[in-house]
Structures are given as C-alpha cells and as structure tokens.
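**Student:** when you get a sec, could you give me coordinates for this:
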Amino acid sequence: MNQSTGSLKSQNGPAAKGEDTSNALGGFQRELSSFAKLNVPPEIIRALPAEFAKRHGILPFEITNGIIRIATSTPGNLRVIDDIRLLSGLEVEEFPAPAAEITAKISECYQVTVEKMIENLDPAKTNGEVKDLHDIEVMANEPTVVNLVNLIIATALRERASDIHLVPFENTLQLRYRVDGLLQENPPPPKHLHAALVSRIKIMADMNIAERFMPQDGHIQINHRGARVDIRVGTMPTIYGESLVMRLLEKNSKVSTAEELGLDAPRSKLLANLVEKPHGLFLTTGPTGSGKTTTLYSILQSIYTPELKILTIEDPVEYELPGVAQIPVRPSRNFTFATGLRAILRQDPDVVMVGEIRDSETAEIAIRAALTGHQVFSTLHTNDATGAVTRLVDMGVEAFLIASSLEGVLAQRLVRKICPSCRAETTVATVVRDKIEALGGRKIAGSVFIGKGCEHCRNTGYRGRVGIFELLALTPELKELILQKRSNAELKSTAQKNMMTMHQDALQKAAAGITSLEEILRVSSGDLQE
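**Tutor:** This next block holds a predicted model:
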C-alpha cells in the first residue's frame, strides 16, 4: 500500500503488534492546509460504508499491516472504534482533523460521479446496442440506466450548467455540459447505452419513445436540494441516432438587480427612468443566451407594486415572479405570442412583457399596445441597440410607429468573470492588445488580469458571468432620424454621442479585473466595435 500524505497527527492509536510506526506516520505530521489534497484510494473508501462514515464524521485514508487509519474530529469514541473493527476486521488508529474539512473530504470521496459509474458498468451485462423497441423500453427502466440519467442531471446542476448535450457519433457518445456559456466535455457513457439513455429521458419528459425519426420536445420537473428545476428536453434525429439537449431552469433562483447583472450606477439610474414611464416600448437585444429575459425579469421586479397589473407571455416561463401573472405560449394549440398578446390586452394590464418579438404581427400588436397607454417590454435578436430599429423596420413596422412608441433599448452580451480564487495580474500580450485596439481604436496600457485556473473553476480561470451593456435612450434627435428612415450607421453614430458602447463597457470591466481581454475577444466577433 502506498504511503498517503495528509494533515493528520496520530492520537490514541495502538501500535500494530510491536511495529515501528514512526516512519509510517511521518507523512501525517504536516500542516492542516494539506488535508484537502489527501489522495484516498477507492479500495480504502470501500472499507467502510458511506452512510456510516457520514453519520460519524470519519474518513478512512490508509490500510497497512492490519490497521485502518481514520481521520476524525472526535477521537476516543470507543463504540465507534468497535463498530469500525467489526465492519473492517482491522485494528483502528485515529488521527484528529477539523470537522469541516473531514465532512468536505467525505463528500468528495464517497460521492458517486458520472465517471465512476461509467467505469463500474459491467460490459458483459450491457454488451451490444439494443435495437428492438421493447428491449429499449425495458433497458430504459433498468436501475443502472435510471441512476446514470439521474446522476448526469445532478452533476450538471452541481456544476452550474445551463444545458446538457448528449450527441451520438459513429463509435462514441458525446456528453457535454454548458457552463458559463461554454461547452465542457465530460467522460462519455458507453455508446451501446445511447438508445436506453435517450428513451429513459423521453419517459421522464412524457415523450414518444417509439418516434425516433422526427424532432420532439418535452418537459421534466424535478426537485433538487429544495429548489424546483424545470428541464426542457429536445431531441433531433441524426445519422447516428437521436441527439438530445436538456436545458436546466431553476425556478426558485433569485432574480438579480441591474447592478448585480453588471450595469453601473449612472446607467442603472437612466434605466430606472426609462422603465418607469407609464407607457411606451422598451426592448432588450442580443443573441440567444445573452441574458435578455433575465434582464427583463430584473426590470419587472424593480417596477412591481400592488397597484400595477403585470402580465407576461413567455416561451417558456423561466423564473416565477411574485405578484406577476405569467403565461406560457402553447404553439401546439395555436396559442402563440400574437394570439396571447391580443388576449392579454383584454385583461386590463398596466404592464405587459412579451418574451420575444418574432414576427411582424407580434411587433405590430406590441407597438400599438405601447401607443394606447400600456407599458410593454420585449426582446429582439440584434447585435446592438440601434439595430432594434432596423429590425422592426425589416418586420414591416412603420417608422412613425417606432418613433412614437420606442423609449429605450438595452443591448447586451454575457462575458465570463475571472475566478476570484485564482485571479492574477499580468501584462497584455501583444497579439491580444493589437486585436483589442483594432476593435476599439484605442490604446491598451498597463497591466490586466487573468485567471490561472484552480479547483474552484475547474481550471478554466473563470467562474460565473456578468453582462456588458449599451443603453440607448431615444432622444428627439434620434426619433427624427427614424422618421427620416436613416441607416443604422447614422443612427449608431448619433447615439454614441451620449451612450457608452458595449466595447467600452467591456474594457472597463477588464481594467477592473472583472473579466479578461481574451474573454472580450471571444464574445466580440467584431460586433462590439465603437
């Protein structure tokens, strides 16, 4: 047995039949800070049941010469020592350590991970991919498959993933989690379990497991650590079988304020002035996954009072807002944004949120609602704030309607935040500086920050995300340009006289050590130029 190292010091432990333990114990006389790095082999962990170890707060970490060595915060409990002797058939030697560190190490060593479960799958029992539908259904309900699916979902939630991707290829099955906007590859399940795993998830989502050649959508609702989690499931047929994506939405998540989302104090004040107007249209814009809906939730939370009737129509309802009536669209029953918005306006609302303006009909109804005394919020897919005007014109909305109704636009992206546990100051690489200056036309001076990578951020250097924004308030000058049907370039040039661009906001956050220049380049793709 290899000698383990740690932060433990022997206490009350018997000498094993006269052996000299001075050398064996030498590795345990170190500082307590090294306890977290203690490497415990799986065969040592299996010497004591997980439930027993957790209940008594003990961690076995070495077996040698008929002695099992354990870490405990309460040494000297003779009843526990006797139980360990009975369970392991070994003599016991105790080493005191802080209870919190022992608890964390027990959780780490005894937790079942997707990787461990995949390693322990018996190929003999699951050899060969199952083709018969009845056999697939039977296998989908096998404990191994059920537990593996549950573990994949639980691991994704623990890793703060927003999506789970399961994609088949000719000889492999790819499992990836989207964390902080980027996909991270994980050890894949065996390819021959693909059909069973997809079928198990379909059963959970109340989908048709017999249909494997058409896209399907489903929904799963689970409870995880006291929070309700909604999972949107989508399948898509590929040449090697069904690809599957699960989007995870925690319903009990706290809605962030504008400042927590990353908006600075002056623009937070301007945003408050824009959204507190009694009527008009306010839009958030950006690509898919840029946090537009989250920003609208933050706005609705900030303006809510019992005197206001607030209704939303969404696809889907991502978070539940107290005091707000939220309505999901149901395309299968012809209940779309347009039909829902018409019905909502007959419910005497003061404030209406439309999840997304996707077509000219929805745009027309939303704008007319804003002109008839309602406060309307919605989202659009555009690259910048002024692009919202061009997009509405492309949908067929008259310029005079846009100029009369639109009060403000908030364009945004999400960038990863540097992990605070491994943040370090560094100089700007020449190639990065040149690319940033080409985007923004300004010199980058001084030092910047990076994340070196640590266990808290899975060695990525980043943990969490923050928004970068540009907030456009429609001035009389801009409204006149809209009426004259001027180009987006002209609108942008005029708007930037009184507006901080997303690129400028991103550079400020990089200078403050919130994000990195490399991350700005990753999200910019040339569309954050000043």
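**Student:** in the stretch 51-200 of the chain, which spans are helices?
**Tutor:** Along the stretch 51-200 of the chain, the stretches classed as helices by DSSP state H, counting those that start in this stretch are 78-88, 99-110, 114-120, 133-140, 143-158, 194-204.
**Student:** now, of these, which is deepest in the fold?
**Tutor:** helix 194-204 (a mean of 23; mean count of other C-beta atoms under 10 Å). Heads up, the C-betas are built off the backbone N, CA and C, glycines and all.
**Student:** quick revisit: and the helices of the stretch 51-200 of the chain: which comes nearest residue 181?
**Tutor:** helix 143-158 (14.5 Å; C-beta to C-beta).
**Student:** pull the CA atoms of the closest one into CSV?
**Tutor:** Output in CSV follows, covering the C-alpha atoms of helix 143-158 (Å, rounded to 0.1, in the frame of the first residue of the first chain):
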residue,chain,number,x,y,z
PRO,A,143,-31.7,0.7,-12.3
THR,A,144,-28.3,1.2,-14.0
VAL,A,145,-29.7,3.5,-16.7
VAL,A,146,-32.1,5.2,-14.3
ASN,A,147,-29.3,6.0,-11.9
LEU,A,148,-27.0,7.1,-14.6
VAL,A,149,-29.5,9.6,-16.0
ASN,A,150,-30.2,10.9,-12.5
LEU,A,151,-26.5,11.3,-11.9
ILE,A,152,-25.9,13.2,-15.2
ILE,A,153,-28.6,15.7,-14.3
ALA,A,154,-27.5,16.0,-10.7
THR,A,155,-23.9,16.6,-11.8
ALA,A,156,-24.9,19.3,-14.3
LEU,A,157,-26.8,21.1,-11.5
ARG,A,158,-23.8,20.9,-9.2
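**Student:** what's it packed up against?
**Tutor:** Counting contacts by 3 or more C-beta pairs under 8 Å, 6 or more residues apart in numbering; DSSP states H and E, helix 143-158 packs against helix 114-120, strand 161-168, strand 173-179, helix 194-204, strand 216-224, strand 241-250.
**Student:** again, only this time at 7 Å
**Tutor:** Judged by 3 or more C-beta pairs under 7 Å, 6 or more residues apart in numbering; DSSP states H and E, helix 143-158 is in contact with helix 114-120, helix 194-204.
**Student:** picking up where we left off before, could I get the helices of the stretch 51-200 of the chain as JSON lines with distance to residue 342 and mean pLDDT?
**Tutor:** Listed next are the helices of the stretch 51-200 of the chain as JSON lines, based on distance: least, C-beta to C-beta, whole Å; pLDDT from 0 to 100:
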{"stretch": "helix 78-88", "distance to residue 342": "68", "mean pLDDT": "86"}
{"stretch": "helix 99-110", "distance to residue 342": "52", "mean pLDDT": "79"}
{"stretch": "helix 114-120", "distance to residue 342": "46", "mean pLDDT": "62"}
{"stretch": "helix 133-140", "distance to residue 342": "42", "mean pLDDT": "62"}
{"stretch": "helix 143-158", "distance to residue 342": "38", "mean pLDDT": "86"}
{"stretch": "helix 194-204", "distance to residue 342": "34", "mean pLDDT": "93"}
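**Student:** quick check: which of these is nearest to residue 310?
**Tutor:** Here helix 143-158 is closest among these (C-beta to C-beta), at 29.5 Å.
**Student:** tilt between that closest one and helix 194-204?
**Tutor:** Between helix 143-158 and helix 194-204, the angle comes out at 70 degrees (axes from the mean of the first three to the mean of the last three C-alpha atoms, to 10 degrees).
**Student:** gap between residue 304 and residue 276?
**Tutor:** In this view, residue 304 and residue 276 are 12 Å apart by C-beta to C-beta, to the nearest Å.
**Student:** er, residue 230 I mean
**Tutor:** Distance, residue 230 to residue 276, by C-beta to C-beta: 31 Å.
**Student:** more neighbours: the two, which one.
**Tutor:** The neighbour comparison of residue 230 against residue 276 (other C-beta atoms under 10 Å) goes to residue 230, with 18 against 11.
**Student:** now do the contacts for the closest residue to residue 74 other than its chain neighbours.
**Tutor:** Closest residue to residue 74 apart from its sequence neighbours, by C-beta to C-beta, 6 or more residues apart in numbering: residue 57 at 7.0 Å. Shown in contact with residue 57 (C-beta atoms under 7 Å, 6 or more residues apart in numbering): 72-73, 99, 102-103.
**Student:** let me know the closest of those residues to residue 300.
**Tutor:** residue 103 (39.8 Å).
**Student:** quick check: phi and psi at the closest residue to the closest one other than its chain neighbours.
**Tutor:** Closest residue in space to residue 103, ignoring its immediate chain neighbours: residue 57 at 6.4 Å, by C-beta to C-beta, 6+ apart. Taking degrees, to the nearest 10, you get phi 60, psi 50 for the backbone angles of residue 57.
**Student:** tell me how far residue 57 lies from residue 383.
**Tutor:** 54 Å.
**Student:** in the helix or strand encompassing residue 388, which residues are buried?
**Tutor:** Using DSSP states H and E, residue 388 maps to helix 387-394. Neighbour-count burial for helix 387-394, counted by 16 or more other C-beta atoms under 10 Å, picks out 387-392.
**Student:** hmm, who's touching that helix?
**Tutor:** By C-beta under 7 Å, 6+ apart, helix 387-394 touches 283, 285, 363, 380, 382, 399, 402, 409, 482, 488, 491.
**Student:** just send these back as JSON lines, with distance to residue 516, pLDDT and secondary structure too.
**Tutor:** Below are the contacts of helix 387-394 laid out as JSON lines (distance: C-beta to C-beta, whole Å; pLDDT from 0 to 100; DSSP: H, G, I helix; E, B strand; the rest coil):
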{"residue": "283", "distance to residue 516": "29", "pLDDT": "97", "secondary structure": "strand"}
{"residue": "285", "distance to residue 516": "24", "pLDDT": "96", "secondary structure": "strand"}
{"residue": "363", "distance to residue 516": "38", "pLDDT": "94", "secondary structure": "helix"}
{"residue": "380", "distance to residue 516": "29", "pLDDT": "95", "secondary structure": "strand"}
{"residue": "382", "distance to residue 516": "26", "pLDDT": "93", "secondary structure": "coil"}
{"residue": "399", "distance to residue 516": "41", "pLDDT": "94", "secondary structure": "helix"}
{"residue": "402", "distance to residue 516": "37", "pLDDT": "95", "secondary structure": "helix"}
{"residue": "409", "distance to residue 516": "27", "pLDDT": "97", "secondary structure": "strand"}
{"residue": "482", "distance to residue 516": "37", "pLDDT": "95", "secondary structure": "helix"}
{"residue": "488", "distance to residue 516": "30", "pLDDT": "90", "secondary structure": "helix"}
{"residue": "491", "distance to residue 516": "31", "pLDDT": "94", "secondary structure": "helix"}
